[in-house]
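Student: Any chance you could fold what I've pasted below:
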Amino acid sequence: MANKFQQPIVAIVGRPNVGKSTFFNRICGSRIAIESDIPKTTRDRIYGNADWCGKSFILVDTAGLFEKDRNDNLQEITKSAVETAIKEADKIIFLLDATDSVTSYDREIAKALHKSSKDIFLVVNKADNAKREMVTHELLSLGFKNPNFVSAISGRGLAD
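Tutor: Residues are numbered from 1 along each chain as shown. As a prediction, this is how the structure comes out:
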């Protein structure tokens with residue numbers, strides 16, 4: 001897919017409530033995306049200009065990928081929006097939650113991301129202190145190297 005922007009596109013992908021919108025706002029430097037503890041708050045792609053560590057790029061906040069409820073058409077709409085973001089992106093940030101173990105749904109998302117030809121960066125959010133950093137072997141079982149531990153709320157680990 002042709003990039004309509006003049007800068008690289010980086011999409012943030014993960015299940016609901018891992019902090020994608022908070023991470024997006026932190027990197028973009030302003031509160032563009034709505035932050036909420038309520039699943040399914042973000043439903044479509046949100047684009048923002050980012051200048052981070054000397055690099056300029058377009059950052060894309062996406063809806064959380066979640067398991068389909070039998071009577072929920074929202075899943076198909078959000079899944080399509082996330083798939084479009086992945087196709088548009090030059091790079092992907094796969095965001096996990098340090099307060100949870102790796103879930104079966106994280107594994108499904110990882111499997112789908114491995115099928116893409118994109119550069120994928122594993123970022124573990126809500127790692128407010130070293131005790132919250134997941135066991136590295138559990139993360140490495142997802143098939144990505146060098147997980148980055150961050151706290152989007154405090155900014156911990158985001159300068160790396």
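
Student: Tell me, how many residues neighbour residue 137?
Tutor: Using other Cβ atoms under 10 Å, residue 137 has 7 neighbouring residues. Every residue, glycine included, has its C-beta placed from N, CA and C.

Student: Take whatever helix or strand it lives in, keep the C-alpha atoms, and write them as PDB.
Tutor: Secondary-structure assignment from DSSP states H and E places residue 137 in helix 136-140. Taking Å, rounded to 0.1, in the frame of the first residue of the first chain, the C-alpha atoms of helix 136-140 are listed here in PDB:
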ATOM      1  CA  THR A 136      12.100 -12.700  29.600                       C
ATOM      2  CA  HIS A 137      11.800 -16.400  28.500                       C
ATOM      3  CA  GLU A 138       8.000 -16.000  28.500                       C
ATOM      4  CA  LEU A 139       8.300 -13.000  26.200                       C
ATOM      5  CA  LEU A 140      10.800 -14.700  24.000                       C
END
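
Student: and the next helix or strand after that helix, average pLDDT?
Tutor: Going down the chain from helix 136-140, the next helix or strand is strand 148-149, by DSSP H and E. Mean per-residue pLDDT for strand 148-149: 91.

Student: State the next helix or strand along the chain beyond the top helix by length along the chain.
Tutor: Identified as the longest helix of the chain according to DSSP state H is helix 74-88. Downstream of helix 74-88, the next assigned helix or strand under DSSP H and E is strand 91-97.

Student: Tell me the helices and strands packed up against that following strand.
Tutor: In terms of contacts (3 or more Cβ pairs under 8 Å, 6 or more residues apart in numbering; DSSP states H and E), strand 91-97 is packed against strand 9-13, helix 20-28, helix 104-114, strand 119-125.

Student: packing partners for the longest one?
Tutor: Read it as helix 104-114. Helix 104-114 packs on strand 91-97, going by 3+ Cβ pairs under 8 Å, 6+ apart.

Student: now the angle between helix 74-88 and the strand it packs on, please.
Tutor: Orientation of strand 91-97 against helix 74-88 (axes from the mean of the first three to the mean of the last three Cα atoms, to 10 degrees) gives an angle of 140 degrees.

Student: My guess is residue 22 contacts residue 150. True?
Tutor: No: using Cβ atoms under 8 Å, residue 22 is not in contact with residue 150, being 10.3 Å away.

Student: Between those two, which is the more surrounded one?
Tutor: For residue 22 versus residue 150, the count of surrounding residues by other Cβ under 10 Å is larger for residue 150: 24 against 20.
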